[in-house]
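[1] Got a sequence here, can you model it:
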Amino acid sequence: MTTTSTPAPFTADDYRARMARAAESAAEAGLAGVLVAPGPDLVYLTGYRPTAVTERLTVLVLAAVQEPVLVVPTLEAPDAEHADGAAALTLRDWTDGKDPYAVTAPLLDVNGRFGVSDNAWAMHLLGFQKELPGTSYVSLTEALPMLRAVKDEHELARLDAAGAAADEAYGEIVKVAFAGRKETDVAADLAALLLTYGHSQVDFTVVGSGPNGANPHHEAGDRTIEHGDMVVLDFGGLKHGYGSDTTRTVHVGEPSAAEQRVHDVVREAQQAGFDAVRPGVACQDIDRAARAVIADAGYGEYFIHRTGHGIGVTTHEPPYMIEGEERPLVPGMCFSIEPGIYLPGRFGVRIEDIVTVTSDGGRRLNNTDRAMAIVE
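    Next up is the predicted model:
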């Protein structure tokens, strides 16, 4: 097993800088501030991940005109005090029986427009609207879509490690028996391998055999994998708090000429998407480059999803490689390139790497062979 050193934790200064950038970006977007509920944005900005997300209000309040404040239930304050970024903010707690919205209201502009993390509970947003009827709200994905998009060197190191661990898992899974076993058996092997190679969390293990591979988000089921099946393997999770996500399509025994042809087209499309990566190029141009290859080969109608998504503290986040997204690529952005062809009732093929934008192009974070592997 390959071993890698555990990266040093992010410091209070790291979190302080992130919160300052978020507050400044909010002001530039015409917002009075940002309200961040438990979830990936809160982890990214403060290092705090509540042990249990309940109906009790927890919210980070960021605004350019004041220092960051994290409002937490009193019973959860001890945990919040030990978060990696706690030294970069002020804690304000509230006890059961008190109105948490009234406690938080003095921190907010009574007529302000605020960005709200997408996973905030509706009951909390409604609570703020009732307490401060002059306020209005917009989702952070809409208002600040690039909040977490550009990674620094420490984040890139974590993503590199996650990608390498996923690669090692793939290197082992192609050695196991496929034929005669259920999709769920192979998925369990994949999950175990991700944990073996250092993942703390397994988010998904897609194993789509034969006709199931034509469903891009097929979950591993009870179908028994047969000799002659194409099998889509899409798997990932978190290592050191950052995501992995890779897809390879293998074949049980030798493929037919038609199956090999489809795989070759997807491989060429994936390469075209990667070759298009460089600073200043619009996100949609990555989608266009990959999609053109598939369309020119006559399979355009069978490529039924976007070409890619961002990755970081979650496995899906902005930016998205999709038609209509004109935002330019910036060094440090990380995203998937994962074109596919899905032939209903027959099989599917997808090939996916995580890529980061460099100063003059792109760099893959997944480096396993993209040729079709033959498994038993």
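
[2] so what's Glu352 up against?
    Applying C-beta atoms under 8 Å, 6 or more residues apart in numbering, we find Glu352 in contact with Asp234, Asp245, Thr246, Thr247, Arg248, Gln270, Ser336, Ile337, Glu338, Asn366. Every C-beta, even on glycine, is put in place using the N, C-alpha and C of the backbone.

[3] now, which of those residues sits nearest Leu57?
    When those are compared for distance to Leu57 (C-beta to C-beta), Asp245 comes out closest, at 32.2 Å.

[4] coming back round to it: out of the contacts of Glu352, which sit inside strands?
    In this view, the contacts of Glu352 that belong to strands under DSSP state E are Asp234, Thr246, Thr247, Arg248, Ser336, Ile337.

[5] Need those residues in JSON lines (columns: neighbour count, distance to His124 and pLDDT).
    Shown next, in JSON lines, are the ones in strands among the contacts of Glu352 (neighbours: other C-beta atoms under 10 Å; distance: C-beta to C-beta, whole Å; pLDDT from 0 to 100):
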{"residue": "Asp234", "neighbour count": "23", "distance to His124": "34", "pLDDT": "98"}
{"residue": "Thr246", "neighbour count": "25", "distance to His124": "36", "pLDDT": "98"}
{"residue": "Thr247", "neighbour count": "25", "distance to His124": "36", "pLDDT": "98"}
{"residue": "Arg248", "neighbour count": "25", "distance to His124": "41", "pLDDT": "98"}
{"residue": "Ser336", "neighbour count": "27", "distance to His124": "32", "pLDDT": "98"}
{"residue": "Ile337", "neighbour count": "29", "distance to His124": "37", "pLDDT": "98"}
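
[6] Number of residues surrounding Glu343?
    One thing to correct before we go on: residue 343 is Leu, not Glu. Leu343 has 17 neighbours, counted by other C-beta atoms under 10 Å.

[7] Any stretches of the protein with poor pLDDT?
    1-4 (pLDDT under 70).

[8] Apply 80 and report the result again.
    1-5, 52-53 (pLDDT under 80).

[9] for this protein, which helix is longest?
    Taking DSSP state H as the criterion, the chain has its longest helix at helix 153-173.

[10] CA atoms only: put it into PDB for me.
    Taking Å, rounded to 0.1, in the frame of the first residue of the first chain, the C-alpha atoms of helix 153-173 are listed here in PDB:
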ATOM      1  CA  GLU A 153      -1.800  24.700  -2.700                       C
ATOM      2  CA  HIS A 154      -2.900  23.000   0.500                       C
ATOM      3  CA  GLU A 155      -6.300  22.200  -0.900                       C
ATOM      4  CA  LEU A 156      -4.700  20.900  -4.100                       C
ATOM      5  CA  ALA A 157      -2.500  18.600  -2.100                       C
ATOM      6  CA  ARG A 158      -5.500  17.100  -0.400                       C
ATOM      7  CA  LEU A 159      -7.300  16.700  -3.800                       C
ATOM      8  CA  ASP A 160      -4.100  15.100  -5.200                       C
ATOM      9  CA  ALA A 161      -4.000  12.600  -2.300                       C
ATOM     10  CA  ALA A 162      -7.700  11.800  -2.700                       C
ATOM     11  CA  GLY A 163      -7.300  11.200  -6.500                       C
ATOM     12  CA  ALA A 164      -4.200   9.100  -6.000                       C
ATOM     13  CA  ALA A 165      -6.100   6.900  -3.400                       C
ATOM     14  CA  ALA A 166      -9.000   6.400  -5.800                       C
ATOM     15  CA  ASP A 167      -6.500   5.400  -8.500                       C
ATOM     16  CA  GLU A 168      -5.000   2.800  -6.200                       C
ATOM     17  CA  ALA A 169      -8.500   1.500  -5.500                       C
ATOM     18  CA  TYR A 170      -9.100   1.100  -9.200                       C
ATOM     19  CA  GLY A 171      -5.800  -0.600  -9.600                       C
ATOM     20  CA  GLU A 172      -7.000  -3.300  -7.200                       C
ATOM     21  CA  ILE A 173     -10.600  -3.600  -8.300                       C
END
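
[11] what comes into contact with the helix or strand just after it?
    As assigned by DSSP states H and E, the chain's next helix or strand after helix 153-173 is helix 183-196. Applying C-beta under 8 Å, 6+ apart, the contact partners of helix 183-196 are 1, 165-166, 168-169, 172-173, 176, 178, 202, 205-209, 212, 220-223, 225, 231, 233, 235-237, 244.

[12] What residues sit buried inside the longest helix of the chain?
    When neighbours are counted by 16 or more other C-beta atoms under 10 Å, the buried residues of helix 153-173 are found to be 155-170, 173.

[13] cool, and stretch 108-116?
    Per 16+ other C-beta under 10 Å, stretch 108-116 contains these buried residues: Leu108, Arg113, Phe114, Gly115, Val116.

[14] can you put the residues you listed in CSV and add secondary structure and distance to Thr184?
    CSV is the format used below for the buried residues of stretch 108-116 (DSSP: H, G, I helix; E, B strand; the rest coil; distance: C-beta to C-beta, whole Å):
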residue, secondary structure, distance to Thr184
Leu108, coil, 48
Arg113, strand, 47
Phe114, strand, 44
Gly115, strand, 41
Val116, strand, 38
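
[15] closest to Val252 among those residues?
    Of the buried residues of stretch 108-116, the one sitting nearest to Val252 (C-beta to C-beta) turns out to be Val116, at 47.6 Å.

[16] Bridge partners for the closest one, pull those for me.
    Leu35, Ser139 (DSSP bridges).

[17] tell me the contacts of it?
    Val34, Leu35, Val36, Ala37, Leu125, Tyr137, Val138, Ser139, Leu140.

[18] Great, nothing more from me.
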